[in-house]
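Asker: I'd like to go over a predicted model; first the sequence, then the structure.
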Amino acid sequence: MNRLKPFCSIALLALALLMSAPALLAQEQAPEVLAPAPASAPVRSTPSLELDPALQRIIDQDNQAQAQADLWIREHQELNKEKPFQDDTLPLRIRDRLASVEKAYEDYLFGHPESMEGRLAYASFLMDIGRDNDAAREWLRLKEKHPDSPVLLNNLGNYFAQKGEALEAFPYYEAAIAKAPQEPLYVKNLASVVYIFREEAFTYYHLKPQAALLLAQALYRKALLLAPDDFILRTALAQTWYYLSPFKPEKALADWKKAHALAADDSERQAVLLHYARVAILAGDFEEAQKQLEAVTFPQHQELKETLLKNLDERRKLAEASNPEAPTP
């Protein structure tokens, strides 16, 4: 079965970044310890639909063009690591590459003006290249004819969430879930927005302090019932424990262990070890934290490993200063 392409949010980026960057949207950390994983943000994605082969070819062209643009950007960044390098042609190359995709979508929609799948794909392309308002206009036009489409409701929720307007996003996600209760994506997205926009969740759901985090956890667990093997979803749930007070290391570690069991490769498993170490640091188990960090050897995790080692050293010194008579291990 052909599929509309999945669209990963800017905050989520790719699985490779899930365990190798500080929080991008949450902007909140447990004291003195960097959060290795970003909070999960809404994912733009469309459940599988039967597609016109002509539309599928445009979607493939879209994917290839965006992959090419990403490659050019990475190459430019690599050149700048060694010495300042300004490529004045880069923006023009990217613009021309994407402009051909946009024209292909427009030509298709001129001949198929009522194609819901075509307009969904075109709107997601616009969202990917930063034209969020144009994408929203496409979705709102579609919603007039398809008011009960959970795909549209979810996409509109993502649009408002990524604009920071969570109070507008919540009802769209709730409506999408009501229309498609077995689709984990919509529950995951609502959980992520509740988690990221906790103050807005206090207002919308009439919650007391910290209750928004508990609601996010409940929603993540509901999504996991629908998608029990979703590694990113499991890590998103585990991440929430860092912001609950008092911190509960046993429960946090239990969820990280479940994430470890779902990891697809050794790099993902070592990324989870960073969280084992972080939980141990917060729990005051410095020997266990040291042991877990020593097991992290992959190059892509070394920067965060060094950060956690520094935090571990600072916590040890604070513990020794507060209890100078305690034996040194």
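Answerer: Yep, that arrived.
Asker: Could you pull up the residues touching the spatially closest residue to D229 that is not a sequence neighbour?
Answerer: Spatial nearest neighbour of D229, chain neighbours left out: L262 (6.1 Å); criterion: C-beta to C-beta, 6 or more residues apart in numbering. The C-beta positions use only the backbone N, C-alpha and C, and glycine is treated the same way. L262 makes contact with 229-231, 234, according to C-beta atoms under 8 Å, 6 or more residues apart in numbering.
Asker: For ChimeraX, write the selection for the buried entries among those.
Answerer: Of these, the buried ones go into a single ChimeraX selection, burial set by 16 or more other C-beta atoms under 10 Å:
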select :230,231,234
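Asker: Just the closest of the contacts of L262 to M127, please.
Answerer: Distance to M127 across the contacts of L262 (C-beta to C-beta) is lowest for D230, with 22.3 Å.
Asker: after the helix or strand where G157 lies, next one along is what?
Answerer: Assigned by DSSP states H and E, G157 belongs to helix 150-162. Sequence order places helix 166-179 as the next helix or strand after helix 150-162, per DSSP H and E.
Asker: Let me see the mean pLDDT of stretch 252-269.
Answerer: Stretch 252-269 shows a mean pLDDT of 96 in the predicted model.
Asker: If you could redo that for stretch 168-181, that was the one I meant.
Answerer: Across stretch 168-181, pLDDT averages out at 96.
Asker: list the contacts for F170?
Answerer: The contact partners of F170, taken as C-beta under 8 Å, 6+ apart, are 157, 190, 193-194, 200-201, 204.
Asker: please redo it, this time with the cut-off set to 7 Å
Answerer: Under the criterion of C-beta atoms under 7 Å, 6 or more residues apart in numbering, the contact list for F170 reads Y204.
Asker: same thing with L109?
Answerer: Residues counted as contacts of L109 (C-beta under 7 Å, 6+ apart) are 115, 118-119, 122.
Asker: in a helix, that's where it is, yeah?
Answerer: Yes. The assignment for L109 is a helix, going by DSSP: H, G, I helix; E, B strand; the rest coil.
Asker: Got the confidence number for it?
Answerer: L109 is assigned 92 on the pLDDT scale.
Asker: coming back round to it: just the contacts of L109: which are in helices?
Answerer: Cross-referencing the contacts of L109 against helices under DSSP state H gives 118-119, 122.
Asker: need the strands for the stretch 1-150 of the chain, in chain order.
Answerer: Remark: strands of the stretch 1-150 of the chain are absent; assignment by DSSP state E, counting those that start in this stretch.
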